[in-house]
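K.L.:
Sequence and predicted structure, then a few things I'm wondering about:
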Amino acid sequence: MEATTAVKTKWKIDPAHSEIQFKVKHMMVSTVTGSFDEFDASVEADGDKDFEDAKIEFTAKTKTVNTRNKDRDEHLRSDDFFNAEKYPELKFTSTSFKKINDHEYELKGDLTIRDHTEPVSLQVEFNGKAVDPYGQTKAGFEISGKIKRKTFGLKWSAVTETGGVVVSDEVRLDLNVQLIKQ
């Protein structure tokens, strides 16, 4: 009896319809939102039914970090944070993508920032598939999770005169992703 091999379906991120954002507490009283303006991702799934066990590769150019403040962005590109000159990309490679129900998945993988690679777990909401007016099949996802920035070598810290931290260690990740079937 021969084993059947599932057909692999390949997807690419649509950067025009995707957002890669992070949020971090500043002075512990407000939240600053940042994004990456240049990123890429590919997904390889078994068949065309759903995305369970899909293989996901994602990269973002650290020099494109954008918080809508030039001075802060330059600081984030420096060795205090991303060191964009020495480490031009951050990278995520999935290790599992498990379906919880029709619209929810758990995504696990290895995130590399600078020269630190750590396992992360993310929650994924699958928003469905649709065919656009040009005949392209699209799939939409909302991805969220939290990481500790110091774990990845982003250790810059300062303390306010009242003893509070200027930038929190916890970083929320919020990704809105649209994929295009290849």
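P.N.:
Right, received. Where do you want to start?
K.L.:
From here on, just use CA atoms for contacts and neighbour counts.
P.N.:
OK.
K.L.:
part of a helix, is L76?
P.N.:
Yes. Counting by DSSP: H, G, I helix; E, B strand; the rest coil, L76 is found in a helix.
K.L.:
count of neighbours near it?
P.N.:
As a burial measure, L76 scores 21 neighbours (other C-alpha atoms under 10 Å).
K.L.:
what does V65 give?
P.N.:
22.
K.L.:
Setting aside sequence neighbours, what's the nearest residue to it?
P.N.:
Leaving aside its sequence neighbours, V65 sits nearest to F36 (C-alpha to C-alpha, 6 or more residues apart in numbering; 4.6 Å).
K.L.:
Now do the contacts for that neighbour.
P.N.:
Listed by C-alpha atoms under 8 Å, 6 or more residues apart in numbering, the contact partners of F36 are E19, I20, Q21, A60, K61, T62, T64, V65, N66.
K.L.:
residues contacting V165?
P.N.:
Contacts of V165 (C-alpha under 8 Å, 6+ apart): H26, M27, M28, S157, A158, V159.
K.L.:
For it, which residues count as its bridge partners?
P.N.:
V159 (DSSP bridges).
K.L.:
just the one 5 residues further on next, same as before
P.N.:
Taking DSSP bridges, one finds K148 as the beta-bridge partners of E170.
K.L.:
Kindly confirm whether my reading is correct that it touches K146.
P.N.:
Yes. Applying C-alpha atoms under 8 Å as the test, E170 and K146 come out as touching, 6.6 Å apart.
K.L.:
For N83, which non-adjacent residue is closest in space?
P.N.:
Nearest to N83 is R77, by C-alpha to C-alpha, 6+ apart, at 5.3 Å.
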